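Chemist: no FASTA, just this:
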């Protein structure tokens with residue numbers, strides 16, 4: 001019997017439907033990660049991480065969901081680096097001054113006194129000036145993937161007593177981790193390392209005499225100016241940088257499209273921090289001034305020179321610390337010379 005054309009088409013359509021039912025779409029895997037950072041929940045720069053993780057979830061259609069882990073919520077600020085390295089959390093944003101003994105080059109990455117002071121300069125040094133390649137290799141040797149950096153405002157001195165001359169720093173105990181501590185040590189300070197959440201009580205009880213560790217927004221958010229109201233006008237660094245790192249084994253589980261989405265979201269995250277920095281520093285200063293904080297008088301030329309000389313010694317110290325630090329210091333010097341800074 002010869003099948004009519006109409007019957008043939010009907011049979012073909014029925015067969016196609018049968019095949020479609022027999023081969024359902026393959027479900028795409030959902031990845032649920034945790035990301036640790038140095039901040040307690042609720043402070044200005046800590047909030048920026050919420051925007052980042054929401055962006056990642058939206059960009060990936062919910063296939064990569066990242067939970068933020070704040071200081072004191074299972075991973076302390078001093079544990080972020082090791083938590084990512086061990087895989088306790090899949091990714092993190094450590095404050096590398098707290099991890100100087102684990103990765104000295106991370107302190108150089110954070111920012112040495114006398115380094116680039118503008119956000120665009122730092123970003124260009126990382127993306128075009130050789131730092132990006134060095135940092136990928138350095139963190140890679142630790143079993144981590146360096147996917148980028150965030151940038152925040154520069155670091156200033158905040159003290160309980162006014163600094164009218166650098167000689168006034170002699171004998172003070174300041175929260176000053178990493179290179180900031182090295183800089184302050186050259187000026188007679190006893191540097192102390194402690195987590196963000198410990199600072200207010202330490203100032204109130206006299207454990208420390210001030211801080212040489214944080215940007216002005218952090219000083220405002222921590223309300224440290226309530227216990228130490230004097231700001232010194234020379235910055236230790238014009239801007240500071242912190243890495244976003246991912247455990248290598250976790251990274252390797254992600255499909256290529258999710259890796260690409262994470263890298264793209266990180267660029268936005270970087271500039272989100274920059275935007276927050278620009279918008280909030282002035283507000284922070286005015287709020288602290290309203291609360292009784294004040295900048296001390298402009299330093300003398302003699303003190304400015306001592307400040308610069310102390311910074312130069314820090315560069316030399318870190319260049320001698322390990323090969324990766326030396327490469328970063330040399331690349332930074334070449335970059336600054338190239339741009340005439």
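Modeler: Arrived safely. Values in this document were obtained by computation on a predicted structure and should not be read as measured data. Numbering: from 1, shown residues only.
Chemist: after the lowest-mean-pLDDT helix or strand in the chain comes which helix or strand?
Modeler: Within the chain, no helix or strand scores below helix 5-22, which has a mean of 41 by mean pLDDT, DSSP states H and E. Scanning forward in sequence from helix 5-22 by DSSP states H and E, the next helix or strand is strand 31-37.
Chemist: point out the other helices and strands that the next helix or strand after that next one packs with.
Modeler: Using DSSP H and E, the helix or strand that directly follows strand 31-37 along the chain is helix 44-59. Under the contact definition 3 or more CB pairs under 8 Å, 6 or more residues apart in numbering; DSSP states H and E, helix 44-59 sits against strand 31-37, strand 64-69, helix 216-221, helix 256-290. Quick note: C-beta positions are derived from backbone N, CA and C, even for glycine.
Chemist: got the ones you listed as CSV, with mean neighbour count columns?
Modeler: Shown next, in CSV, are these (neighbours: other CB atoms under 10 Å):
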stretch, mean neighbour count
strand 31-37, 20
strand 64-69, 19
helix 216-221, 23
helix 256-290, 17
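Chemist: TSV for these, including distance to residue 103?
Modeler: Listed next are those as TSV, based on distance: least, CB to CB, whole Å:
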stretch	distance to residue 103
strand 31-37	16
strand 64-69	20
helix 216-221	22
helix 256-290	19
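Chemist: do you know which of those lies nearest residue 323?
Modeler: Residue 323 lies closest to helix 256-290 among these, at 26.4 Å (CB to CB).
Chemist: what about the closest one, average pLDDT?
Modeler: Throughout helix 256-290, pLDDT has a mean value of 93.
Chemist: for stretch 156-172, same thing?
Modeler: 96.
Chemist: what's the answer for stretch 191-207, then?
Modeler: Throughout stretch 191-207, pLDDT has a mean value of 94.
Chemist: give me the contacts around it.
Modeler: 38-40, 71-72, 76-78, 97-98, 160, 173-177, 180-182, 184-185, 208, 210-212, 214, 218, 222-224, 226-228 (CB atoms under 8 Å, 6 or more residues apart in numbering).
Chemist: buried set for it?
Modeler: Buried residues in stretch 191-207, counted by 16 or more other CB atoms under 10 Å: 191, 192, 193, 194, 195, 196, 197, 198, 199, 202, 203.
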